[in-house]
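J.: Structure of the sequence below:
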Amino acid sequence: MQRRDFIKAIASSSVAWPLAARAQQQLTKPVVGFLNPASPEGQDYLVAAFRDGLNEAGYVEGQNVVIEYRWAEGKYNRLPELAADLVTRRVNVIATGLSTPAALAAKAATKEIPIVFTVGEDPVRLGLVTNLARPDGNATGINFFVTELTAKRLGLLHELLPKATRIGVLVNPSNVETTEPTVRDAKAAALTMGLEVHAVSASNGDEIDIAFQKLVSERTDALLVAPDLYLFSRRVQIAILAAHYSVPTIYTVRNYAEAGGLVSYGTNSADAIRQAGVYSGEFSKAQSRRPYQCWGSERQLFFVHQ
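T.: Numbers count the residues shown, from 1 in each chain. Okay, the predicted model is just below:
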């Protein structure tokens with residue numbers, strides 16, 4: 001090789017190497033899937049809490065991690081499609097937010113990619129894990145017992161309104177996994193208190209308006225709002241309607257009260273999803289070292305949020 005050709009080759013490689021290195025760095029940047037059945041509107045604080053958890057694990061969105069957001073816009077039947085899309089995207093981990101249907105959709109979509117769920121029901125009963133001490137499989141996460149507190153909320157509502165006898169339960173029929181146990185537990189608790197419970201359904205903004213009109217026409221004394229991420233995203237609308245129609249209402253988390261609701265009883269949902277962000281960051285590190293393999297024993301974690 002002549003001297004001139006050798007110098008050209010060295011010069012070319014000195015330019016190409018940093019470009020190739022940067023491209024490789026981009027390719028190896030962890031990608032976290034964030035699957036949510038609601039709309040982005042009204043979810044800012046939850047997304048911020050999730051990012052805070054990622055930060056604790058050493059990840060900052062836009063710098064050293066990518067978050068792929070998938071929103072079902074209240075259409076729960078789209079969750080399997082969105083989960084499958086994240087699997088095709090070959091994300092390092094899928095976080096499902098505060099949603100049982102999203103967790104189940106992710107679980108059905110992959111047996112390899114780690115799933116971090118945040119659910120309000122027993123994850124063993126749901127089939128997400130085999131047991132709490134050692135979840136096994138590719139799913140783990142946080143149980144914050146929001147559904148199990150239905151009877152407690154009804155009891156508090158009865159204490160606040162001892163003369164109330166007819167109680168409504170606002171549910172989202174698209175979220176069967178949460179709706180059925182909520183109505184069941186409410187009716188069981190109502191029997192011991194001498195109360196009558198009836199469910200009203202709503203899966204979009206117009207149906208929420210209609211549900212409140214029905215509550216008023218049926219002379220409902222008070223209302224309990226079931227845990228559901230879409231209803232949560234409509235918490236301002238629900239709080240305004242409850243005040244407008246003078247329907248005393250108890251909610252699952254304090255964000256409803258902050259939006260103008262009467263009272264809430266439940267765990268700190270922001271802290272639960274922050275912990276999910278920490279898990280997602282830790283599992284992203286493990287998957288970056290050994291991508292697309294099932295979890296080893298060092299990743300068998302479970303967190304019960306109280």
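J.: buried set for the helix or strand hosting Ala48?
T.: Using DSSP states H and E, Ala48 maps to helix 44-56. Going by neighbour count (16 or more other CB atoms under 10 Å), the buried part of helix 44-56 is 46-47, 49-55. Bear in mind the C-beta positions are built from the backbone N, C-alpha and C, glycine included.
J.: which stretches of the stretch 1-150 of the chain have low pLDDT?
T.: 1-27, 135 (pLDDT under 70).
J.: Please repeat the previous calculation with a cut-off of 80.
T.: Counting by pLDDT under 80, the stretch 1-150 of the chain shows low-confidence ranges at 1-28, 42, 132-136, 144-148.
J.: Which parts of it are strands?
T.: 31-36, 66-71, 93-98, 115-119, 139-143 (DSSP state E, counting those that start in this stretch).
J.: Include mean neighbour count and distance to Thr165 when you put the ones you listed into JSON lines, please.
T.: Shown next, in JSON lines, are the strands of the stretch 1-150 of the chain (neighbours: other CB atoms under 10 Å; distance: least, CB to CB, whole Å):
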{"stretch": "strand 31-36", "mean neighbour count": "25", "distance to Thr165": "37"}
{"stretch": "strand 66-71", "mean neighbour count": "18", "distance to Thr165": "40"}
{"stretch": "strand 93-98", "mean neighbour count": "29", "distance to Thr165": "32"}
{"stretch": "strand 115-119", "mean neighbour count": "30", "distance to Thr165": "33"}
{"stretch": "strand 139-143", "mean neighbour count": "26", "distance to Thr165": "33"}
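J.: closest one to Val216 among those strands?
T.: Evaluated over these, closeness to Val216 peaks at strand 93-98, with 29.4 Å, by CB to CB.
J.: And the contacts of that closest one?
T.: Contact with strand 93-98 is made by 30, 32-36, 46, 50, 83, 86-87, 102-103, 105-106, 109-110, 113-120, 141, 229, 232, 269, 272-273, 276-277, 279-280, 283-284, 287, as judged by CB atoms under 8 Å, 6 or more residues apart in numbering.
J.: quick one, it and strand 66-71 angle?
T.: Comparing the axes of strand 93-98 and strand 66-71 via axes from the mean of the first three to the mean of the last three CA atoms, to 10 degrees yields an angle of 40 degrees.
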